[in-house]
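1. Kindly return the folded structure for what I paste below:
(2 chains)
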Number of protein chains: 2
Amino acid sequence: MHTPLVRKAAVIGCGVIGAGWVARLIENGVHVRTFDPADDVSSKLEAVLINSRHAYQELTNAPRHEEGQVEIASSVAEAVRDAGVIIEAVPERLDIKRAAYEEIEDSALSDAIVASSTSGIMPSILQDQMRNPERFLVTHPFNPVYLIPLVELVAGRQTDPQTIERAGLLFDSFGMHPLHVRKEIEGFIADRLLEAVWREALWLVNDGIATTGEIDDAVRFGFGLRYAQMGIFDTYRMAGGEAGMRHFIAQFGPCLKWPWTKLMDVPELTPELIDLIADQSDDQSGHLTHAEMERLRDDNLVALVQALKTKGFGAGETLARYERMLESRDQT
Amino acid sequence: MHTPLVRKAAVIGCGVIGAGWVARLIENGVHVRTFDPADDVSSKLEAVLINSRHAYQELTNAPRHEEGQVEIASSVAEAVRDAGVIIEAVPERLDIKRAAYEEIEDSALSDAIVASSTSGIMPSILQDQMRNPERFLVTHPFNPVYLIPLVELVAGRQTDPQTIERAGLLFDSFGMHPLHVRKEIEGFIADRLLEAVWREALWLVNDGIATTGEIDDAVRFGFGLRYAQMGIFDTYRMAGGEAGMRHFIAQFGPCLKWPWTKLMDVPELTPELIDLIADQSDDQSGHLTHAEMERLRDDNLVALVQALKTKGFGAGETLARYERMLESRDQT
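-> Okay, here's the model as predicted:
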């Protein structure tokens, strides 16, 4: 059988994102030790692994890796001591993350990559108190981590370019689509877009224009289908007709000056607005348990990626490449 | 064979959107007369119909309607005279649209629905000089109109509620997902979200953070896959883990105050920025002709919707419902 690029990994913090990393890693034959101070880490992790095993069973018929072992460590030191890559997925607070890096560096192998799952804090800030900042980078994943291909790789000022290169190969070998964010900014690329749409969605609910369910329908029956395959610019390139992008901007560019969006302000997250959103969300999806909803999402994502695979496109191309890699390794 | 809810329709303006409407209508057995002052309307329409015929062939094995006839009329009057529904898809300028409505009303049947494809102008403004504003509404579609299920229905102050109800049944019978936007605002629901993400994307290009191709990759390998099935709120409901939406907002709500997005301003569409975007877009997709790119998009969308159909979900549920309707009508 093939040899993974790393044999052992650590995942520090095992919430929704950390557990998703554990799932993706063990599906790729990597042995993982994870540490999380929460009491219920074992049961929460197991729930995610039930989902990921089901999803991979559906996702591919390629010769899969023998599942890596997973172990819940009793300390950061124990989790990281022989790991080739250490993925941090602790809460989005600078003090918590810096404390985690200090513990990690106390016990990590000298050549281990240290990767943060932060969705927006700048790597230069995260690494600025590290002893070995050159092997640190951001690897920003998307929920569910075991199914969504995108991972944004972001270097800080002190990151060695080789760290980015090694991480690119490594996360590619996990079936992901590593996107190197070449300039360091808060929010990177995807979350800047997601924040913009999230704010506007909050306004729509806040102003009573639409419910959470109506907004979700506007997305998933409409532009969500477009975004699953071509993104923003290629979609508009086509909307410009034969004349393409230049025509589209000439035609619709001026509309940006129209007062359509409430971009100047952020709705106050009052208790009333939070209640409104939570209640509408319950109306929309409260008939499903969390587990049922996750299964539904995963089954949909698997079907979408497989559909794109028959077209050799986008996330389907990522899956096809991953399967070719599995096939070719299996023959060696 | 079944009888469509209307037998004859008119489409005024036959650009990308108008031609998409013609395609969807004739696929549903409706005879269409279209008027557009452009010289090349015939060849452009034919190019769209080649795409739509290919797409429907792939999309469904249900007993399809006998294709409606399509006729290019020499005037608005000729196009609308016996149409049960008249869809306006002229440029997004109030004066052009009002002039079109005046011509339409001169010749339309008294009970014909008049529907605007505007992507954001308020129907109360569009209808305010009409003689029969009660039968007017906005039916905002999404490109490609023959494949994307969403159509936003928006009433103006003078719109008869029965017009919305009739339009809902009608566009449902065309295999669409009519979403009644209950409060009239500029941009409706989907375009408010799209504008927000588009502005942020322009900033990313303007500031040299990412190319158009990198931004598209961040979308289609990442959150685009999520949006194709569950939208914004359900996605975050799950990101909150078992604790759901309330926990998600508590955890990530404060991040909205972080300076991640450039919401206070709109990038100036300078010639330099337009060149930058157009050149990057060429680098990204200039190897494909417009027709090749449309075919690729359509094949992807068909595969995505079919994938969701096997799951009975979202746009796949719309397709399943449409096929059941075709089946049941065929038996009468």
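2. need the contact list for the closest residue to A:Asp36 other than its chain neighbours.
-> Once flanking residues are discounted, A:Asp36 sits nearest to A:Cys14: 3.8 Å by CB to CB, 6 or more residues apart in numbering or on different chains. (C-beta placed from N, C-alpha, C; glycine too.) For A:Cys14, the contacting residues are A:22, A:34-36, A:38, A:41, A:44-45, A:72, A:89, by CB atoms under 8 Å, 6 or more residues apart in numbering or on different chains.
3. What's the ChimeraX syntax to select whichever of those are buried?
-> Selecting in ChimeraX just the buried members of the contacts of A:Cys14, where the criterion is 16 or more other CB atoms under 10 Å in any protein chain shown, is done with this command:
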select /A:22,34,35,36,41,44,45,72,89
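4. Pick out the lowest-pLDDT one from the contacts of A:Cys14.
-> Looking at pLDDT alone, these dip lowest at A:Lys44, where the score is 92.
5. quick check: mean pLDDT across the helix or strand containing A:Lys97?
-> Element membership of A:Lys97, judged by DSSP states H and E, is helix A:94-107. Confidence for helix A:94-107, expressed as mean pLDDT, is 97.
6. which non-adjacent residue is nearest the residue positioned nearest the centre of chain A?
-> Ranked by distance to the mean C-alpha position of chain A (CA atoms, centre = their mean), the top residue is A:Phe142 at 1.6 Å. Distance criterion CB to CB, 6+ apart; nearest residue to A:Phe142, sequence neighbours excluded, is A:Ile148 at 4.1 Å.
7. right, and the helix or strand after the helix or strand that contains A:Leu273?
-> Taking DSSP H and E as the definition, A:Leu273 sits inside helix A:271-285. Scanning forward in sequence from helix A:271-285, with DSSP H and E defining helices and strands, the next element found is helix A:290-310.
8. one step back: any chance of the contacts of A:Cys14 in CSV with secondary structure as columns?
-> CSV is the format used below for the contacts of A:Cys14 (DSSP: H, G, I helix; E, B strand; the rest coil):
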residue, secondary structure
A:Val22, helix
A:Thr34, strand
A:Phe35, strand
A:Asp36, coil
A:Ala38, coil
A:Val41, helix
A:Lys44, helix
A:Leu45, helix
A:Ile72, strand
A:Ala89, coil
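9. that older thread, quick one: the residue nearest to A:Phe142 is in a helix?
-> No. With three-state DSSP as the criterion, A:Ile148 is located in coil rather than a helix.
10. who are the neighbours in contact with it?
-> Contact analysis of A:Ile148 by CB under 8 Å, 6+ apart lists A:141-142, A:301, B:221-222, B:225-226.
11. A:Ala115 - that's part of a strand, no?
-> Yes. The assignment for A:Ala115, made by three-state DSSP, places it in a strand.
12. Quick check: residues of the stretch 1-150 of chain A near chain B?
-> Taking CB under 8 Å from any CB of the partner chain as the criterion, the stretch 1-150 of chain A approaches chain B at residues A:15-16, A:44, A:91-92, A:120, A:142-143, A:148-150.
13. Now do the strands for chain A: every range, in order, please.
-> With DSSP state E, the ranges of strands along chain A come out as A:8-12, A:31-35, A:70-72, A:85-88, A:113-116, A:136-140, A:150-154, A:177-181.
14. tell me the most buried of those strands?
-> By mean neighbour count, with neighbours taken as mean count of other CB atoms under 10 Å in any protein chain shown, strand A:8-12 ranks first of the strands of chain A at a mean of 29.
15. Report the angle between that one and strand A:31-35.
-> Strand A:8-12 and strand A:31-35 meet at an angle of 20 degrees, taking axes from the mean of the first three to the mean of the last three CA atoms, to 10 degrees as the criterion.
16. Run through the neighbouring helices and strands of strand A:8-12.
-> In terms of contact count using 3 or more CB pairs under 8 Å, 6 or more residues apart in numbering or on different chains; DSSP states H and E, strand A:8-12 is assigned the packing partners helix A:16-27, strand A:31-35, helix A:76-80, strand A:85-88, helix A:94-107.
17. Quick check: mean pLDDT of the fourth one?
-> What it means is strand A:85-88. So the average pLDDT for strand A:85-88 ends up being 98.
18. partners of that strand in the sheet?
-> If you go by DSSP bridges, strand A:85-88 pairs up with strand A:8-12 (parallel), strand A:113-116 (parallel).
19. For A:Leu126, grab the count of nearby residues.
-> By the measure other CB atoms under 10 Å in any protein chain shown, the count of residues near A:Leu126 is 24.
20. what's the answer for A:Ile50, then?
-> A:Ile50: 14 neighbours (other CB under 10 Å).
21. how near is A:Asp39 to A:Gly15?
-> Applying CB to CB, to the nearest Å, the value for A:Asp39 to A:Gly15 is 13 Å.
22. These two: who's more crowded?
-> Ranked by neighbour count (other CB under 10 Å), A:Asp39 and A:Gly15 place A:Gly15 first, with 19 against 8.
23. correct me, but that one touches A:Ala89?
-> Yes. In terms of CB atoms under 8 Å, A:Gly15 counts as a neighbour of A:Ala89; the distance is 6.7 Å.
24. Show me what A:His140 bridges to in the sheet.
-> A:Glu152.
25. That one: what's it in contact with?
-> Applying CB under 8 Å, 6+ apart, one finds that A:His140 lies in contact with A:117-120, A:151-152, A:154, A:188, A:190-191.
26. Quick check: of those, which lies closest to chain B?
-> Of all the contacts of A:His140, the one with the least separation from chain B (CB to the nearest CB) is A:Ala190, at 4.5 Å.
27. got the contact list for the closest one?
-> Applying CB under 8 Å, 6+ apart, we find A:Ala190 in contact with A:140, A:142, A:150, A:152, B:218-219, B:222-223.
28. Let me have those in TSV, adding pLDDT and distance to A:Arg246 as columns.
-> Formatted as TSV, these follow (pLDDT from 0 to 100; distance: CB to CB, whole Å):
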residue	pLDDT	distance to A:Arg246
A:His140	97	32
A:Phe142	93	32
A:Leu150	94	28
A:Glu152	98	29
B:Ala218	94	23
B:Val219	93	21
B:Gly222	92	27
B:Phe223	93	27
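29. Of these, which is the nearest to A:Met325?
-> Nearest to A:Met325 among the contacts of A:Ala190 is A:Leu150, at 17.9 Å by CB to CB.
30. Could you pull up the residues touching the nearest residue to that closest one once chain neighbours are set aside?
-> Here the nearest residue to A:Leu150 in space, its sequence neighbours aside, is B:Gly222; by CB to CB, 6+ apart that works out to 3.5 Å. Residues touching B:Gly222, when contacts are defined by CB under 8 Å, 6+ apart, comprise A:142, A:148-150, A:190.
31. wait, which of those is closest to chain B?
-> Distances from chain B to the contacts of B:Gly222, taken as CB to the nearest CB, are shortest for A:Leu150 (3.5 Å).
32. tell me the contacts of that closest one?
-> For A:Leu150, counting by CB under 8 Å, 6+ apart, the contacting residues are A:141-142, A:176-177, A:179, A:190, B:217-218, B:221-222.
33. Those: which two are farthest apart?
-> Across the contacts of A:Leu150, the two members that end up farthest from each other (CB to CB) are A:Pro141 and B:Asp217, 14.7 Å apart.
34. how does chain A divide into domains?
-> Domain ranges of chain A: A:8-181, A:190-331, per automatic domain parsing.
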